[in-house]
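Asker: Next input, structure requested:
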Amino acid sequence: MPGVQARLRSEHKRRYLDLDPTTWYQVVPVFPGVTQRMVNMAGERLARLATPKGFTTLRADHLEFRSAPAEAKTQRA
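Answerer: Sure, this is the predicted structure:
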């Protein structure tokens, strides 16, 4: 089953300097089987991305999502 990929929306690039808005990152589970459903204390949905520097957790509404091809890891758009 293919996973999910996400990239940073361009309007949020100044907030997340370590993320490239042209790169699609793998969305990795926060807990087994849970990808985008983690919610912080303010009720904001969070997503966890696998980046070259490790894992980054950020607000899901700052990202665009797509289904990932089965063999994909990280791709340039």
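Asker: For burial, what's the neighbour tally of N40?
Answerer: 10 (other Cβ atoms under 10 Å). In short, each C-beta sits where N, CA and C put it, glycine included.
Asker: Apart from its neighbours in sequence, what residue is nearest it?
Answerer: L46 (5.9 Å; Cβ to Cβ, 6 or more residues apart in numbering).
Asker: Any idea how many residues pack against that neighbour?
Answerer: Neighbour tally, L46, other Cβ under 10 Å: 16.
Asker: One more: K13?
Answerer: That count, for K13 with other Cβ under 10 Å as the rule, works out to 14.
Asker: Which pLDDT value belongs to it?
Answerer: pLDDT, K13: 95.
Asker: hang on, the earlier thing: let me see the backbone angles for the residue nearest to N40.
Answerer: phi -120, psi 150 (degrees, to the nearest 10).
Asker: so who does it touch?
Answerer: Neighbour list for L46: V30, Q36, M38, V39, N40, T57, L58, R59, A60 [criterion: Cβ atoms under 8 Å, 6 or more residues apart in numbering].
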